[in-house]
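**Q** Prediction below, plus the sequence it came from.
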Amino acid sequence: MSTLVYMKLLEQTPAKYDRGMRLLTLGRIDAIKREIADAWVQSGHAVLEIGCGAGALAALMTGRGARVTGIDVSDPMLTVARQAAPGAELFHMTAAEIDKLGAGRFDRIVSTLAFSELSEDEQDFVLKQAAMLLKPGGNLIVADEVRPVGLGARAIAASIRLPLAAITFLLTQNTTHALRRFESRLGQAGFRLVARKRYLLGTLALFVAEKG
Ligand SMILES: C[S@@+](CC[C@H](N)C(=O)[O-])C[C@H]1O[C@@H](n2cnc3c(N)ncnc32)[C@H](O)[C@@H]1O
């Protein structure tokens, strides 16, 4: 089964989701979540997580003493997340509605593997809303699938990804979009990139940006 199909099917079985994603990313996504919580989140921080899924990152961040607000569009995911992260406030809300949460409220906004489920227009909109929700100097931290750098790598990734995206859509009526030009999208939304790391042959990246 393809990675994309497996990822979308896992989302439909939230109780198995974290175990499946660990397998799929060779443990990398867990390590990235730990890195986000350890390096970027401090006790007392107000943190918004966009697309909190089964709540693993929310649990790590509440464990560090942060006040975590999480949003997701999947009720089954939220049910699992509420058990995993009982200290977090978790809401059924789409990323496009985060402006309702109040301007200048958060020290950090974090998101893992959720921006790739948004269209590029939605990504741009959500990034602009995120800039408004952050306190001055606050950080946006996004880890997600990206298009690999370099023509050869891109050609290989596209030749694998396009048929897989089609199969995923047929099976789940849904697909993901590896992030493209995310640094420039961050800049257009008023962020300054402060760190970027790539993993798994350049197909997964962590972006840390500061509100300008
Ligand atoms: C691949 S999962 C990642 C979950 C979690 N962040 C993680 O890294 O394990 C993507 C999550 O984003 C959520 N999602 C997708 N589109 C969304 C949207 N427009 N607004 C909020 N959440 C969304 C899905 O319901 C799902 O829980």
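**A** Received the coordinates, thanks. Here the structure is a predicted model, which means the values were calculated and not measured. Numbers count the residues shown, from 1 in each chain.
**Q** since we're on residue 30, how many residues are nearby?
**A** 16 (other CB atoms under 10 Å). Where you see a C-beta, it was placed from the backbone N, CA and C, and this is true even at glycine.
**Q** any idea how far the ligand is from it?
**A** Distance, residue 30 to the ligand, using CB to the nearest ligand atom, to the nearest Å: 9 Å.
**Q** Now that residue, what are its backbone angles?
**A** phi -60, psi -40 (degrees, to the nearest 10).
**Q** same check, this time on residue 18
**A** According to degrees, to the nearest 10, residue 18 has phi -60, psi -40.
**Q** In the chain, what residue comes closest to the ligand?
**A** residue 53 (2.4 Å; CB to the nearest ligand atom).
**Q** Not including adjacent chain positions, what is the nearest residue to that residue?
**A** Spatial nearest neighbour of residue 53, excluding adjacent residues (CB to CB, 6 or more residues apart in numbering): residue 77 at 5.2 Å.
**Q** Next up, the contacts around the one you found.
**A** With contact taken as CB atoms under 8 Å, 6 or more residues apart in numbering, residue 77 is in contact with 11, 14, 17, 52, 53, 54.
**Q** in a helix, that's where it is, yeah?
**A** Yes - checked against DSSP: H, G, I helix; E, B strand; the rest coil, residue 77 lies within a helix.
**Q** From residue 68, how far off is residue 60?
**A** 9 Å (CB to CB, to the nearest Å).
**Q** Look at these two and report which has more neighbours.
**A** residue 68 (27 against 21).
**Q** for that one, helix, strand, or coil?
**A** strand.
**Q** Give me the longest strand you can find in the chain.
**A** Within the chain, and with DSSP state E defining each element, the longest strand by residue count is strand 134-145.
**Q** neighbouring strands for it, and are they parallel or not?
**A** strand 106-112 (parallel), strand 204-211 (antiparallel) (DSSP bridges).
**Q** and that strand, which residues are buried?
**A** 134, 138, 139, 140, 141, 142, 143, 144, 145 (16 or more other CB atoms under 10 Å).
**Q** Indicate whether it makes contact with the ligand.
**A** No - contact of strand 134-145 with the ligand (CB under 6 Å from any ligand atom) is absent, the minimum separation being 7.6 Å.
**Q** mean confidence score for that strand?
**A** Taken as a whole, strand 134-145 carries a mean pLDDT of 96.
**Q** which stretches of this protein form strands?
**A** Counting by DSSP E, the strands of the chain are 46-50, 67-72, 89-92, 106-112, 134-145, 191-199, 204-211.
**Q** could those strands go into TSV alongside distance to residue 25?
**A** Below are these laid out as TSV (distance: least, CB to CB, whole Å):
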stretch	distance to residue 25
strand 46-50	18
strand 67-72	19
strand 89-92	23
strand 106-112	10
strand 134-145	10
strand 191-199	8
strand 204-211	7
